[in-house]
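Chemist: After the sequence you'll find the predicted model.
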Amino acid sequence: MPWDFALILLTLAVLLPWRGRARMKKLLAMPRVTPIERIALYATTIAFQWLAVAVTAWRAWARGLRAAQLGLLLPNRAGIAVAALGGAAVIAALHWLNLRRIGRLPAEERGFLQPLAERILPQSSVEALLYLALAVTAGVCEEFLYRGFAMAAFTRAGLPLWSTILLSAAIFGLAHLYQGRGGAVGTFVLGIVFGAARLAYDSLVPVVFWHAAVDIVAGLAGPRYLLGKSRETPISG
């Protein structure tokens, strides 16, 4: 494997999980996260993810990886469109129902999810708009990094398809360690599903939509069910 590919994968597997955990530890130590601090968190994360994609795409292209290998083509436009939109609708509905179920539990029974929600979920209309931009960014950028580049790099290294799915999902799960052990395991499982779908459709497009749907619902339903907030009423900072 080329040194730059190895360095990018090491960054995804080690540096990003460490950075995420450190940022979350800092947020959890704060008694309250202000709107400005949340907006700064969203903005810097958006900028960082697009920068990571730009650098990774540059090195991938320089090393001869092309659009088809990175899952950037649409070999079956109609089928991919149905899978992307239909799958996103199903995933969004299931995630919404799960958040509503969790919201019915007493706050003390929600575990790590509750303090996490209180610090990173949007609590005003302005925050919600930027959070939606972050959700779309995560759908595009993280799928390119984990299901596009990482799987292509592992495939080029000669690994079998099943191991490319598992390894990319493991790195994806590590990147979400800031959500706690349960969040990392759940993300690992989701990564396996996304990786299999990326191979089945020979495209990143369906999983980009599915990933964005998960994050969008978190930003819309999370404040409502976990924080008792409603977009229909103003939310003070």
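Modeler: Structure received. A quick note: this is a predicted structure, and the numbers were derived from the prediction, not measured. Residues are numbered from 1 along each chain as shown.
Chemist: which outside residues touch stretch 215-224?
Modeler: Residues from elsewhere that reach stretch 215-224 (Cβ atoms under 8 Å, 6 or more residues apart in numbering): 92, 95-96, 99-100, 103, 117, 121-123, 128, 131-132, 134-136, 138-139, 229-231. Where C-beta positions appear, they are placed from N, C-alpha and C, glycine not excepted.
Chemist: is it true that Cys141 touches Leu51?
Modeler: No. Cys141 lies out of contact with Leu51 (Cβ atoms under 8 Å); the separation is 9.4 Å.
Chemist: For the two, indicate the residue with more neighbours.
Modeler: More crowded of Cys141 and Leu51, by other Cβ atoms under 10 Å: Cys141, with 23 against 11.
Chemist: So which residues of the protein form helices?
Modeler: Secondary structure of the chain, counting by DSSP state H: helices at 3-10, 16-29, 35-62, 77-103, 113-120, 125-143, 151-156, 161-175, 180-201, 205-226.
Chemist: Can you check which of those helices gets nearest to Ala68?
Modeler: With Cβ to Cβ as the measure, helix 151-156 is the member of the helices of the chain nearest Ala68 (9.6 Å).
Chemist: Near Pro75, how many residues? Count them for me, please.
Modeler: A count of nearby residues for Pro75, using other Cβ under 10 Å, gives 10.
Chemist: how near is it to Ala60?
Modeler: Distance, Pro75 to Ala60, by Cβ to Cβ, to the nearest Å: 19 Å.
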